[in-house]
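return atomic coordinates for the entry below.
(one chain, ligands or ions: 2)
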Amino acid sequence: MKLSDIKNGNLSAEWAEKGYELPKFDVEAVKAKTHAEPTWVHFGAGNIFRAFPAAILNEALNSGKYDRGVIVAESFDYEIIDKAYQPYDNLSLLVCLKSTGDIEKKVIASVTESLKADYSFGEDWARLVEIFQNPSLQMISFTITEKGYGVAPADLERGLTPVLAMGKVTALLYERFKAGKLPLTVQSMDNCSHNGDKVKSAVHAYASKWVEQGLVPAEFLAYVQDETKITFPWSMIDKITPRPDAKVQEMLAKDGFEDNYTIVTEKHTFTAPFVNAEETQYLCIEDHYTNGRPPLELGGVLYCDRETVDKIEKMKVCTCLNPLHTAMSIYGCMLNYTLISAEMADEDLRSFIQKIGYIEAMPVVVDPGVLNPYEFIGAVINRRLPNPFMPDAPQRIATDTSQKLAIRFGETIKAYQARGLDKSNLVLIPLVLAGYARYLKGIDDNGKAFEISPDPMLAELQAIVAPLEVKEGEQDFSCLKNLYSRADVFGVDLYEVGLGEQIEGMVKELYAGNGAVRKTLHKYVVAR
Ligand SMILES: NC(=O)c1ccc[n+]([C@@H]2O[C@H](COP(=O)([O-])OP(=O)(O)OC[C@H]3O[C@@H](n4cnc5c(N)ncnc54)[C@H](O)[C@@H]3O)[C@@H](O)[C@H]2O)c1
Ligand SMILES: O=P(O)(O)OC[C@@H](O)[C@@H](O)[C@H](O)[C@H](O)CO
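Ligands and ions are numbered 1, 2, ... in the order given. Take a look at the predicted model:
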């Protein structure tokens, strides 16, 4: 069994016998229609895109009520397109690993083209320009990680040929402007707070700079700022999607499914012709579209107003899931765990995240109404994270931690400030932040070096803790001031909010020789 069998019409009975669900629509017809009248371009050809947005669209196509696919554009790691999309005709296999042990295998055929989004790939860029000039285009979306929304001063100076994702998107929007000021919705699907505003401010920054430099007319800035033309809705996305896993690969090989390779690109993306993910999924989107949209409600998307999205996102990203993930990943890496489900069997770690969630973060959560925070966190702690069939690893979650702390913990601290709540209720959240200074050292609790996950600020932040040593006895911890005063990393200056000294004290305990991480974690968790 190979994905190319689908195109060749070469489908043996084995596919059904082995429980592989095949597309129920005419793949070639959808491809042709999408090529002529595209409606959706997605930036970021990573795992979550294939496991979730593309799978939702696949459901809509399977229903027979929709006829357009999605075009994927990769603006950062072009190797993904060369190695995981093009050889498989953009098809992929979604392996759903349920907590009951049941496994669902589904061929996803909703991706009709895969393009490298950069001027250096002339043909692909020309195709993107053509798509952006087409009035049929309704939405562009993103899963490019939080750092993908960055705007660097150097890139702003590059004029109409920027190298960062947001600059390229703005250049493509300029093509759409020139084609008749056509409407479009720009939809972030990343785990950042108020994610729509992140794209919006990046696009506005490029457009303003280009107007200032005389590269584009002032009307272009007005166009991207005109909410009847371009909107930037907010969204909340939730589906735990680990990197392609060796055990899943083995299981597929046993089935006789031949496209079971995993690839690590030079840029450190873990990709494959298959993707493995959990069964639970939520995608809540602010329904604010200027040129219509694909009917993703057919695949389960919940469309709502901005206020509801805001509450749902705060509940998930700032309280009930992502902070727990980051807490257990920082400590999990130092305690040599490689599986999230195994961490959930560790009484200290399980209790750590349970108490962070219920005791420290929940007091500031706002009930979004459509999803209940207590049911949500209960499912995360009792069913989703302990799922023994999910190959998720703390090392994946620890990627880019510097970009996530402000959202995952800073928002809660700010809410305590804003509401005048007693900050002495915050003990384990400070312990997570203290753990970060110990994690940055890259030495595990047995004193051995471990590989820190990639992070755009790693060198800078590691330099701050460089004077510290993991050892018993006295040492000078004054360098910590340079870390915990960083509002860009933590969302707040932790000294200004009165938590800096408490965190420093915890860091001292965590650095006190081998075994200090476990000892400190246990001490604070049990006392809580
Ligand atoms: N995996 C999950 O469980 C999950 C769940 C919900 C939301 N998300 C969101 O999706 C994002 C991506 O997750 P994934 O599982 O697809 O990861 P992945 O590693 O499989 O893919 C990351 C994607 O982002 C692109 N990217 C990375 N850095 C970039 C940059 N600087 N500029 C532009 N593009 C860049 C990569 O090229 C790739 O397309 C996460 O950061 C998160 O915001 C992920
Ligand atoms: O994807 P990131 O890097 O923003 O965060 C890592 C995980 O916390 C995240 O991917 C979760 O698995 C996801 O948010 C669950 O919906």
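
near ligand 1, which residues of the stretch 151-300 of the chain are found?
Within the stretch 151-300 of the chain, the positions near ligand 1 by Cβ under 6 Å from any ligand atom are 165, 190-191, 237-241, 269. C-beta: built from backbone N, CA, C; applies to glycine.

just give me the closest of those residues to residue 405.
Checking these against residue 405 by Cβ to Cβ gives residue 191 as the nearest, at 12.9 Å.

okay, now the closest one: neighbour count?
24 (other Cβ atoms under 10 Å).

surely it meets residue 322?
Yes - between residue 191 and residue 322 there is a contact under Cβ atoms under 8 Å: 6.4 Å.

which among the residues of the stretch 151-300 of the chain next to ligand 1 end up buried?
For those, a burial check counting by 16 or more other Cβ atoms under 10 Å picks out 165, 190-191, 237-241, 269.

count of neighbours near the spatially closest residue to residue 209 that is not a sequence neighbour?
Spatially, and ignoring its direct neighbours in sequence, residue 209 is nearest to residue 156 (4.6 Å; Cβ to Cβ, 6 or more residues apart in numbering). By other Cβ under 10 Å, 18 other residues sit near residue 156.

before we move on, what about residue 512?
17.

quick one: secondary structure of it?
Recorded secondary structure, residue 512: coil (DSSP: H, G, I helix; E, B strand; the rest coil).

name the SS class of the closest residue to it other than its chain neighbours, please.
Nearest non-adjacent residue to residue 512, counting by Cβ to Cβ, 6+ apart: residue 472, 5.6 Å away. Of the three states, residue 472 takes coil under three-state DSSP.

what's the neighbour count on residue 472?
Around residue 472 there are 11 residues (other Cβ under 10 Å).

distance of it relative to ligand 2?
34 Å (Cβ to the nearest ligand atom, to the nearest Å).

next: residue 325.
4 Å.

burial measure for that residue, as a count.
Residue 325, neighbours per other Cβ under 10 Å, totals 24.

also the one 5 residues further on?
One way to gauge burial is a neighbour count; for residue 330, by other Cβ under 10 Å, it gives 26.

is it within a helix or a strand, and which one?
Residue 330 is part of helix 322-334 when elements are defined by DSSP states H and E.

got a list of contacts for that helix?
191, 316, 340, 343, 349, 352-353, 356-357, 361, 380-381, 385, 394-395, 397-398, 401, 404-405, 407-409, 412, 428-429, 432, 435-436, 438-439, 444-445, 450, 452-453, 517, 521 (Cβ atoms under 8 Å, 6 or more residues apart in numbering).

which of the three states applies to the residue in the stretch 51-200 of the chain positioned nearest to ligand 2?
Residue of the stretch 51-200 of the chain nearest ligand 2, by Cβ to the nearest ligand atom: residue 191 (3.9 Å). Under three-state DSSP, residue 191 falls in the coil class.

spatially nearest residue to it (excluding sequence neighbours)?
Spatial nearest neighbour of residue 191, excluding adjacent residues (Cβ to Cβ, 6+ apart): residue 317 at 5.7 Å.

could you pull up the residues touching the one you found?
191-193, 236, 407-408.

about what we covered before: hmm, which of the contacts of helix 322-334 are the buried ones?
191, 316, 340, 343, 349, 352-353, 356-357, 361, 380-381, 385, 394-395, 397-398, 401, 404-405, 407-409, 412, 428-429, 432, 435-436, 438-439, 444-445, 450, 452-453, 517, 521.

tell me which of the residues you listed fall in helices.
Mapping these onto helices (DSSP state H) picks out 340, 343, 349, 352-353, 394-395, 397, 401, 404-405, 412, 428-429, 432, 435-436, 438-439, 517, 521.

about what we covered before: mind putting the contacts of residue 317 in JSON lines, pLDDT included?
Below are these laid out as JSON lines (pLDDT from 0 to 100):
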{"residue": "191", "pLDDT": "90"}
{"residue": "192", "pLDDT": "88"}
{"residue": "193", "pLDDT": "86"}
{"residue": "236", "pLDDT": "96"}
{"residue": "407", "pLDDT": "94"}
{"residue": "408", "pLDDT": "97"}
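
most widely separated two among these?
Greatest spatial distance in the contacts of residue 317: 236 and 408, 14.0 Å, computed using Cβ to Cβ.

do a quick rundown of the strands in the stretch 151-300 of the chain.
Assigned by DSSP state E, counting those that start in this stretch, the strands in the stretch 151-300 of the chain fall at 184-188, 230-231, 235-238, 263-264, 270-271, 274-277, 282-286.

give me the contact list for the second one.
What it means is strand 230-231. Contacts with strand 230-231, where a contact means Cβ under 8 Å, 6+ apart, come from 173, 183-186, 196, 203, 223-224, 288-290.

again with the third one
Under the criterion Cβ under 8 Å, 6+ apart, residues 48, 52, 143, 187-191, 195-196, 280-286, 309, 312-313, 316-317, 321 lie in contact with strand 235-238.

quick one: mean pLDDT over stretch 270-277.
In this model, stretch 270-277 has an average pLDDT of 98.

picking that back up, and the furthest pair within the residues of the stretch 151-300 of the chain next to ligand 1?
Applying Cβ to Cβ across those, the maximum distance is between 165 and 240, 24.0 Å.

common neighbours of residue 191 and residue 322, please.
Joint contacts of residue 191 and residue 322 (Cβ under 8 Å, 6+ apart) are 404, 407.

and residue 178, what pLDDT?
Value for residue 178, per-residue pLDDT: 98.
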